[in-house]
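> how would this look folded up:
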Amino acid sequence: MRWNNWIRQIHRWLAIAFTVTVIVTFVALAQEEPIVWISYVPLLPLALLLFTGLYLFVLPYVVKRRGGRGTAGAS
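Sure thing, here's the model as predicted:
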């Protein structure tokens, strides 16, 4: 698997982890005496999603600028 495919796969798994942490946070904060620090748990996957998402967003522009072939037909 190439580097770009690894980043794309990591981004997908981070999205799943982020969704799970948000659901867990909602459940934890709905308790009678909520644990307030649990609301910070989704921030780590969200930050990692930001970096991988920015990489994936910029990637087509960098490839186009270098004059390389596009990522649409790459496997």
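
> most distant residue from the middle of this protein?
Residue farthest from the centre of the chain, counting by Cα atoms, centre = their mean, is residue 32 at 31.3 Å.

> Can you point out the helix or strand that includes that one?
In the assignment (DSSP states H and E), residue 32 maps to no helix and no strand.

> Ramachandran coordinates for it?
Geometry field for residue 32 lists phi and psi as phi -60, psi -40, criterion degrees, to the nearest 10.

> Now the residue nearest in space to the middle of the chain: closest residue in space, sequence neighbours ignored.
Centroid-nearest residue in the chain, with Cα atoms, centre = their mean: residue 49, separated by 2.6 Å. In this structure, residue 49 finds its nearest non-sequential neighbour in residue 14, 5.0 Å apart by Cβ to Cβ, 6 or more residues apart in numbering. Where C-beta positions appear, they are placed from N, C-alpha and C, glycine not excepted.

> what about the one you found, how many residues close to it?
Per other Cβ atoms under 10 Å, the neighbour tally for residue 14 reads 20.

> Would you mark the buried spots in the longest helix seen in the chain?
Longest helix of the chain, by residue count under DSSP state H: helix 3-29. Buried residues in helix 3-29, counted by 16 or more other Cβ atoms under 10 Å: 7-8, 11, 14, 17-18, 21, 25.
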